[in-house]
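Chemist: Need a 3D model of the sequence below.
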Amino acid sequence: MKIGILMTGHALPEVQADRGDYDSMFAKLLEGYGFDFETYDVVNESYPTRPKEMDGWIITGSKHGAYEDHPWIPPLEEFIRATYAADVPMVGICFGHQIIAQALGGKVVKFDGGWAVGGTNYDIEGQDLNLNAWHQDQVIKLPEDAKVIGSNDFCANAALMYGNTIYTIQPHPEFDAKIMEHLINLRGKGLLPEDQLDSATQKLSKVTNSNVIADRIARVFRQEA
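Modeler: Presented below is the predicted three-dimensional model:
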């Protein structure tokens, strides 16, 4: 299967030096499932031509907000709607989770309750999963077709399913401990409270359940139950 990765941002240079850009992170996350990948630099206005150009799509995270005024966002939203209408599988992570919700009629805001950072527990489809988080924005209004399949006390709409073709989650299964360490040290300082960063640092050694999400993503792309 050929999976298109829609890059809505780029990793920090220090992260790219260690782990590659976001497309490399997803290729690593889904290694062994038999997928081939092609990258589209959407944040720099490089788009696919049609939903069936690939067998499935991933929309990555981004430093940008879904509600911000950028020229690449409206065409991306149009593509999301076309992909959903064409029944082509799509997965959204963090910003991807948010922009899909917004494109299909939901609402995304900068959450006044603050940030989720580092290892965080979620109830996703009946499983207690520890996943790395890095976000303030949240989906606060659901699209009509969205079904909540994951949440916690901080983020009520942490994972959503649209029919059987679109699967989106707020946390980052593609982020490992080293990526989180870079974010804490390079982006977090001065942006987030020191005690929250310290807590996230202490959780770096805790094993995450990214493999569970990788398997779920693969099943969405293969249209398995």
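Chemist: can you count the residues close to the nearest residue to residue 25 once chain neighbours are set aside?
Modeler: Take residue 25 and drop its neighbours on the chain: the residue closest to it by CB to CB, 6 or more residues apart in numbering is residue 174, 4.0 Å away. C-beta: built from backbone N, CA, C; applies to glycine. Using other CB atoms under 10 Å, the number of residues around residue 174 comes to 26.
Chemist: Enumerate every residue touching residue 174.
Modeler: For residue 174, the contacting residues are 22, 25, 26, 28, 29, 93, 210, by CB atoms under 8 Å, 6 or more residues apart in numbering.
Chemist: Check residue 220 too.
Modeler: 56, 89, 91, 164, 165, 166, 167.
Chemist: Tabulate these in a markdown table, adding columns for distance to residue 102 and pLDDT.
Modeler: As requested, the contacts of residue 220 are exported to a markdown table (distance: CB to CB, whole Å; pLDDT from 0 to 100):
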| residue | distance to residue 102 | pLDDT |
| --- | --- | --- |
| 56 | 20 | 98 |
| 89 | 19 | 98 |
| 91 | 16 | 98 |
| 164 | 21 | 95 |
| 165 | 18 | 98 |
| 166 | 13 | 98 |
| 167 | 16 | 98 |
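Chemist: what's the closest of those to residue 100?
Modeler: residue 166 (6.3 Å; CB to CB).
Chemist: For the closest residue to that closest one other than its chain neighbours, give me its contacts.
Modeler: Nearest non-adjacent residue to residue 166, counting by CB to CB, 6+ apart: residue 90, 4.8 Å away. Neighbouring residues of residue 90 by CB under 8 Å, 6+ apart: 56, 57, 58, 59, 80, 83, 84, 100, 165, 166, 167.
Chemist: Next secondary structure element downstream of the helix or strand harbouring the last one?
Modeler: Per DSSP states H and E, residue 167 falls inside strand 166-169. Past strand 166-169, heading to the C-terminal end, the next element that is a helix or strand (DSSP H and E) is helix 177-183.
Chemist: contact partners of that next one?
Modeler: Against helix 177-183 from outside (CB under 8 Å, 6+ apart): 11-12, 14-15, 18-19, 25, 118, 132, 134, 175, 200-201, 204-205.
Chemist: Just the buried ones from these, in PyMOL syntax?
Modeler: Burial among the contacts of helix 177-183 is assessed by 16 or more other CB atoms under 10 Å; the matching PyMOL selection reads:
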select buried, resi 11+15+19+25+118+132+134+175+200+201
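Chemist: residues in contact with the one residue sitting closest to the centre of the chain?
Modeler: Nearest to the mean C-alpha position of the chain, by CA atoms, centre = their mean, lies residue 93 at 1.0 Å. Contact partners of residue 93, counting by CB under 8 Å, 6+ apart, are 58, 59, 60, 61, 168, 169, 172, 173, 174.
Chemist: Low-confidence bits of this structure, can you list those?
Modeler: 225 (pLDDT under 70).
Chemist: Can you show me the strands along it?
Modeler: All strands of the chain, identified by DSSP state E, fall at 2-6, 36-40, 56-59, 90-93, 107-110, 116-124, 127-135, 137-141, 146-151, 159-162, 166-169.
Chemist: so which of those gets nearest residue 67?
Modeler: Residue 67 sits nearest to strand 107-110 of all the strands of the chain, at 5.6 Å, using CB to CB.
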